[in-house]
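> turn this into a model:
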Amino acid sequence: MSNEFQPNKEPTIGAAFLTQKCRLEDRVLRYEIWDTDGQERFHSLAPMYYRNAQAAVVVYDITKGSSLEKAKSWVKELQRQANPNIVIALAGNKLDLVQPSPLSPAPTSSSESEDEADDVTATPGETPIGNGGEPESLRQVPREEAQAYATEAGLLFFETSAKTGEGIHDVFTEIAKKIPIEHILASTRGGVGRPGATGGRAGGAQEGAVNLDANAPKGNDACNC
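From the prediction side, this is the model:
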């Protein structure tokens, strides 16, 4: 949201509210985003945030295989309980951890044994780099596997890095292309004055806006998205 990364950012507790603008052709969309906590103890609170959402981004960790399975359970829940026309995007985060390092260390001496294992001399906690400088040993979720699942489930799919910002803009842009904006605006205009209609909701949609949940209370915290 702010084009910055804080490595020691505290995790979201409950939910955090933030906004983001996205330009699509001649229109500027304003996303109202609720970042919900993924912990099980807060799971029961999630429906109040996604119930009337026009879109959802389900994020998993490409360096942790179990996180994709958890993401699949969230997708099933959204497809079962959320807006029937909700646009769901699946995002594999931490792409920066499996990409080549911009700087590769040069050999210190030609007399060193080529057979010496990298992990023997590596700094504790450092992951050995394979051929081409890519630490693929960190990747636990193959891109092809996640892409195949997303295609089967009818989801948008991205691999992103919250640290470098790679792929983040694409997530917002592609979601904007899929949301039926004209239909939403037409429903809003046609529902003015009718109880229960879209236009009668508190904080009705603005022209060209994407309102993910106008009825939920606004928070003050931000998050690392």
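
> need the pLDDT of the residue nearest to residue 33 when sequence neighbours are not counted.
Leaving out its chain neighbours, the residue that sits closest to residue 33 by Cβ to Cβ, 6 or more residues apart in numbering is residue 18, at 5.3 Å. Any C-beta I mention is one placed from the backbone N, CA and C, and that applies to glycine too. Residue 18 carries a pLDDT value of 84.

> so how far is residue 12 from residue 18?
11 Å (Cβ to Cβ, to the nearest Å).

> look at these two and report which has more neighbours.
Per other Cβ atoms under 10 Å, whichever of residue 18 and residue 12 has more neighbours is residue 12, with 20 against 17.

> check which residues of the helix or strand hosting residue 169 are buried.
Residue 169 belongs to helix 168-178 when assigned by DSSP states H and E. For helix 168-178, a neighbour-count test (16 or more other Cβ atoms under 10 Å) marks 168, 171, 172, 175, 176 as buried.

> of these, closest to residue 47?
Nearest to residue 47 among the buried residues of helix 168-178 is residue 175, at 20.3 Å by Cβ to Cβ.

> surely the closest one touches residue 156?
Yes: counting by Cβ atoms under 8 Å, residue 175 does reach residue 156; the two are 6.7 Å apart.

> give me the common contacts of those two.
87, 89 (Cβ atoms under 8 Å, 6 or more residues apart in numbering).
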